[in-house]
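> Curious how this folds, go ahead:
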Amino acid sequence: MAVARAASGSSGISSQAERYAWAAGILFVVALVAESVISTGVGLTQDDSARKIADGLYEHRDRLLLIASVSIVYAAAFPIYLCSLHKLLSPNTQRPWTLGSLVLIGGLLFVALHAVSDIAITGLLGAKLASFGAQHDAGISYTLYLMTFALDSVGDIFGSLFAFAAGLLVLRGRVLPRWLGWTSIVVAIMFFLQGFGLGGVIAQFGLVLDLIGFVLLLVFVLASGVIVLTRGTPAVSHPSGDATR
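Below you'll find the predicted structure:
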């Protein structure tokens, strides 16, 4: 009886932990939307002059610190969600090379590069370098500001691997609605193609494709989290025998 009660308690704790992990995906969406809304207040573009960017960053240095602080939340929440998604989509991890591996690798590199951009560089600008750039060398602020777009763009290329693998696993395994699988594949296409415009630094189409991909990514993460939290973990069904091949 004691063993049965211990097993039941352990199962309950595990189930609760899984719910928190899926809730982390919703937290990721909320934090990323908040960070994006705050960022619009800076009012700068990649085509602005070095002096305008330097002065604008100096004027909004407190906003930059707020952006970095909010970004810490999404950077911590996404890997938690990512592990739950990987567990759901690829229960068979015996093979060393699987689509599930791309979900993890692509997703971690995606969020890591965005975190370097939004936390490290943006925080550094807000804390120190925006003041120095405005007073002494506008080129420093200009370079670092454009660097944030470049890092985000490279991160999204890795994100395309995550999104493509996740989309295929959803379509094969049918543990989530098929429309989410197709949504994720469209995200992968947008994220991959935006790289040729470096997220808007080389060409404006890169920024447009990046924005479309990000909106659809938020839909995927939010919908998958809400579905699992409200309906429970779906039963795994792999018609081909091993959906991770």
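
> So for the spatially most central residue of the chain, what's the nearest residue that isn't a sequence neighbour?
In the chain, the centroid-proximal residue (Cα atoms, centre = their mean) is V111; its distance is 4.9 Å. In space, V111 comes closest to F78 once its chain neighbours are excluded; the distance is 4.4 Å by Cβ to Cβ, 6 or more residues apart in numbering. Glycine gets a C-beta too; all of them are placed from N, C-alpha and C.

> so that neighbour touches V29, yeah?
No - using Cβ atoms under 8 Å, F78 is not in contact with V29; the gap is 9.7 Å.

> Of the two, which one has the most company?
Ranked by neighbour count (other Cβ atoms under 10 Å), F78 and V29 place F78 first, with 26 against 22.

> residues in contact with the more buried one?
Counting by Cβ atoms under 8 Å, 6 or more residues apart in numbering, F78 touches A24, G25, F28, G107, V111.

> outside of the helix or strand where the last one lies, which residues touch it?
It refers to V111. According to DSSP states H and E, V111 maps onto helix 99-115. The contact list for helix 99-115 (Cβ under 8 Å, 6+ apart) reads 71, 74-75, 78-79, 82-83, 85-86, 89-90, 93, 151-152, 154-156, 158-166, 168-169, 243-245.

> List buried residues within those residues.
71, 74-75, 78-79, 82-83, 85-86, 89-90, 151-152, 154-156, 158-166, 168-169, 243-244 (16 or more other Cβ atoms under 10 Å).

> What is the least confident helix or strand in this protein?
Between all helices and strands in the chain, the lowest mean by mean pLDDT, DSSP states H and E belongs to helix 2-40, at a mean of 75.

> What's the first helix or strand after it?
Immediately after helix 2-40, counting by DSSP H and E, sits helix 50-59.

> Identify each buried residue in that next one, please.
So helix 50-59, judged by 16+ other Cβ under 10 Å, has buried residues A50, I53, A54, D55, G56, L57, Y58.

> Looking at the residues you listed, which is nearest T122?
The shortest approach to T122 among the buried residues of helix 50-59 belongs to L57, at 9.3 Å (Cβ to Cβ).

> which sections of this structure are below the confidence cut-off?
Filtered on pLDDT under 70, the chain yields the residue ranges 1-16, 92-97, 233-245.

> let's see 50
2-12, 93, 96, 237-245 (pLDDT under 50).

> quick revisit: now the buried residues of helix 50-59 as a markdown table including distance to L216?
Conversion of those to a markdown table gives the following (distance: Cβ to Cβ, whole Å):
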| residue | distance to L216 |
| --- | --- |
| A50 | 33 |
| I53 | 29 |
| A54 | 34 |
| D55 | 35 |
| G56 | 29 |
| L57 | 30 |
| Y58 | 35 |
